[in-house]
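> Fold the following for me, if possible:
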Amino acid sequence: MTNWTVTATDAARSPLNREYNAEMISRYRGRPAEDAEIDAYERDEQDDDVPVFLVASRDGEDAGCLGMRFLGAGVGELTRMFVRLPFRGQGAASALLAAMEDEALARGVTVLRLDTRADLVEARSLYAKRGFAEIERYNDAPYADHWFEKSLKRLTAAPPAAMS
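Numbers count the residues shown, from 1 in each chain. Have a look, this model is predicted:
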């Protein structure tokens, strides 16, 4: 298992955000994204609504990111899950999800939701493996095709063994 370091940072300052945006545009359009398209998307999709942003790194190199916004009443929404191509399949995404679940619980979030597109097959598989269940649409995200949710539970110590 690869050792990952996961740290919090400012979403707007992370270069991973632009890479994420470029990949989402490219996959959606079936061709490489142009700088002007990425710039326009970033003007429209500002990162000030992503107050929790985690970055996974290994040996000082950033590998991936995951953000969370708050929907209210103990519900958080995951966004901007991205792992750079050379690091895929090595556990970075799982490390990010595990760290975000801990962060969510620490902030009083007990339910995580997310939406994703049909073409992001790897993401849908990852979420299912990590205990997310597909649910009905909960938002009006224009490019979303699938919605997921997971209830979080704090780990508690086992009760003491009975004395005989």
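
> packing partners for the helix or strand containing Met24?
Per DSSP states H and E: Met24 is located in helix 15-29. Packing partners of helix 15-29 (3 or more CB pairs under 8 Å, 6 or more residues apart in numbering; DSSP states H and E): helix 35-44, strand 61-72, strand 75-83. For glycine as for every other residue, the C-beta is placed from the backbone atoms N, C-alpha and C.

> make it 6 Å
helix 35-44 (3 or more CB pairs under 6 Å, 6 or more residues apart in numbering; DSSP states H and E).

> Which neighbouring elements make contact with the helix it packs on?
Packed on helix 35-44, when contacts are counted by 3+ CB pairs under 6 Å, 6+ apart, are helix 15-29.

> For Ala92, see how far away Asp39 is.
27 Å (CB to CB, to the nearest Å).

> Quick check: which ranges of this structure have low pLDDT?
Applying pLDDT under 70 to the chain picks out residues 1-2, 45-48, 155-164.

> Relative to the whole chain's centre, how far out is stretch 124-139?
Relative to the chain's own centre, stretch 124-139 is displaced by 12 Å; criterion: CA atoms, centre = their mean, to the nearest Å.

> Check stretch 19-29 too.
16 Å.

> and what of stretch 82-95?
From the chain centre to the centre of stretch 82-95 is a distance of 12 Å (CA atoms, centre = their mean).

> Doesn't Phe114 lie inside a strand?
Actually, residue 114 is Leu rather than Phe. Yes: membership of Leu114 in a strand is supported by DSSP: H, G, I helix; E, B strand; the rest coil.

> Quickly note the distance from the nearest residue to it once chain neighbours are set aside to Arg29.
Take Leu114 and drop its neighbours on the chain: the residue closest to it by CB to CB, 6 or more residues apart in numbering is Leu78, 4.1 Å away. Distance from Leu78 to Arg29, counting by CB to CB: 24 Å.

> Settle it for me: which of these two has more neighbours?
Neighbour count, other CB atoms under 10 Å: between Leu78 and Arg29, Leu78 has more, with 24 against 11.

> and the gap between that one and Asp59?
Shown here: Leu78 relative to Asp59, a distance of 26 Å by CB to CB.
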